[in-house]
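Q: Using only what follows, build the 3D model:
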Amino acid sequence: MNNPALVCQAYAFATVVLWSTAYVYTKVALAFFTPGPLGLVRCAVASLAFLVILPVMGKGRGGLCMPAARHLPLVAASGLSGFTLYLLAFNEGSISLNPTTNCIVISTAPILTAALARMFFGERLPVLRWLALALAFCGVVLMNGGGQGFMLAPGMGWVLVAAALISLYSIVQRTLSRQYSSVQIAAWSFFAGTLFLLYCLPQTVAEMRAAPPHALWLALFLGIFPSAAAYLCWTRALAVAPRTSLVTNYMFLTPFLSMLLDFAVRGGLPEASTFAGGAVIMGALLLFSLAGKRG
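A: Numbering: from 1, shown residues only. Have a look, this model is predicted:
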């Protein structure tokens, strides 16, 4: 396959498939682990994977090197926002939310990222994109289920925090990308995220000892596939893409893939409010994308 457009879309599709598994299997893993220890195991496994992968990738911007001392605060911020705090919030929200609701709320991250880019980099948003922001928020409220009015459920609040954190990670990553490759940034972010989660180590060891073998395999899966492997595929997709939109538009498939996987694994479908609110949010994301093409 020599067509760059087809290659990047193949990598992008692989990424969203891997990411969709995290929303389903995190919910399953939380029956055996609490949010902090599960986050530590996922980060530690991904970090070990990058320790093996980076030297193999060779020297230069794609290889293993120490970040400059002046960049360490940014690396720390990247690890905190993209992995430590993100995984804590994501795991906490996953306790009470079904995977599809979780995934759809996280899908607001591209919109939040654009809002942060306006704040930090002065990137202007057309009116239609601000309308998309408001529409997405209405969808989140609708997805809460009607009976609770405009009061967000605790789990949804945690996932909104996770979406904001992964958006902040993208802003920090953009700053670091001037000196380092995306693979290096992801690797050092995982390393930093693992370091900041080490306070959970005693509890993690205790929970791993009590967990059945299949729960340990599940934690290993979460660390390798939707973490390390997904970030490698995403990085490769962006590297070969003729246009970034060919890659990022695949993020809109994640909620649908997550719903299908949840149905296959757990045998249950989301409530009607999830479909209604999800449709509004997906419409907002589509409006956001189309507004960019017009601008």
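
Q: Looking at stretch 102-110 now, give me its mean pLDDT.
A: What stretch 102-110 shows for mean pLDDT is 73.

Q: Now tell me what touches it from outside.
A: For stretch 102-110, contacts defined as CB atoms under 8 Å, 6 or more residues apart in numbering pick out 20, 23, 27, 90, 93-94, 97, 136, 139-140, 143, 155-156, 159-160, 162-164, 166-167, 170, 248, 251-252, 254-255, 258-259, 274, 277-278, 281-282, 284-285, 288. In short, each C-beta sits where N, CA and C put it, glycine included.

Q: what distance separates the start and the end of it?
A: When the termini of stretch 102-110 are compared using CA to CA, to the nearest Å, they are 15 Å apart.

Q: again, but for stretch 92-111
A: 22 Å.

Q: Give the next helix or strand downstream of the helix or strand hosting A215.
A: Per DSSP states H and E, A215 falls inside helix 213-223. Beyond helix 213-223 on the C-terminal side, the first helix or strand identified by DSSP H and E is helix 230-240.

Q: Could you pull out the buried residues of that following helix?
A: A230, Y231, L232, C233, W234, T235, R236, A237, L238, A239, V240 (16 or more other CB atoms under 10 Å).

Q: and the contacts of stretch 102-110, which are buried?
A: Buried, going by 16+ other CB under 10 Å: 20, 23, 27, 90, 93-94, 97, 136, 139-140, 143, 155-156, 159-160, 162-164, 166-167, 170, 248, 251, 254-255, 258-259, 274, 277-278, 281-282, 284-285, 288, out of the contacts of stretch 102-110.

Q: thinking again about what came up before, okay if I get the buried residues of helix 230-240 as a markdown table plus pLDDT?
A: Listed next are the buried residues of helix 230-240 as a markdown table, based on pLDDT from 0 to 100:
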| residue | pLDDT |
| --- | --- |
| A230 | 89 |
| Y231 | 77 |
| L232 | 80 |
| C233 | 83 |
| W234 | 77 |
| T235 | 71 |
| R236 | 74 |
| A237 | 76 |
| L238 | 67 |
| A239 | 66 |
| V240 | 73 |
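
Q: How many residues are close by L128?
A: Each residue near L128 was counted by other CB atoms under 10 Å, and the total is 14.

Q: Revised request: answer the last question for S273.
A: Other residues close to S273 by other CB under 10 Å number 16.

Q: likewise the one 3 residues further on?
A: A276 sits with 15 neighbouring residues when counted by other CB under 10 Å.

Q: what about the spatially closest residue to it that is not a sequence neighbour, which helix or strand?
A: Excluding its sequence neighbours, the residue lying closest to A276 (CB to CB, 6 or more residues apart in numbering) is L142, at 5.6 Å. Taking DSSP H and E as the criterion, L142 maps to helix 127-143.

Q: so after the one helix or strand G193 maps to, what's the next helix or strand?
A: Using DSSP H and E, G193 sits in helix 182-196. Per DSSP H and E, the first helix or strand lying C-terminal to helix 182-196 is helix 201-210.

Q: What are the buried residues along that next one?
A: Those would be T204, E207, M208, for helix 201-210 by 16+ other CB under 10 Å.

Q: Closest one to F221 out of those, please.
A: Nearest to F221 among those: M208, at 14.6 Å, using CB to CB.

Q: In the protein, where's the longest helix?
A: Ordering each helix of the chain by length in residues (DSSP state H) puts helix 4-29 first.

Q: just how off-centre is it within its chain?
A: Averaging C-alpha positions (CA atoms, centre = their mean, to the nearest Å) puts helix 4-29 10 Å from its chain's average.

Q: for stretch 179-192, same thing?
A: Mean-position distance between stretch 179-192 and its chain equals 15 Å (CA atoms, centre = their mean).

Q: for it, which positions count as buried?
A: Buried-residue list, stretch 179-192, by 16+ other CB under 10 Å: 180-192.

Q: pLDDT of that stretch, averaged?
A: Across stretch 179-192, the average pLDDT comes to 85.
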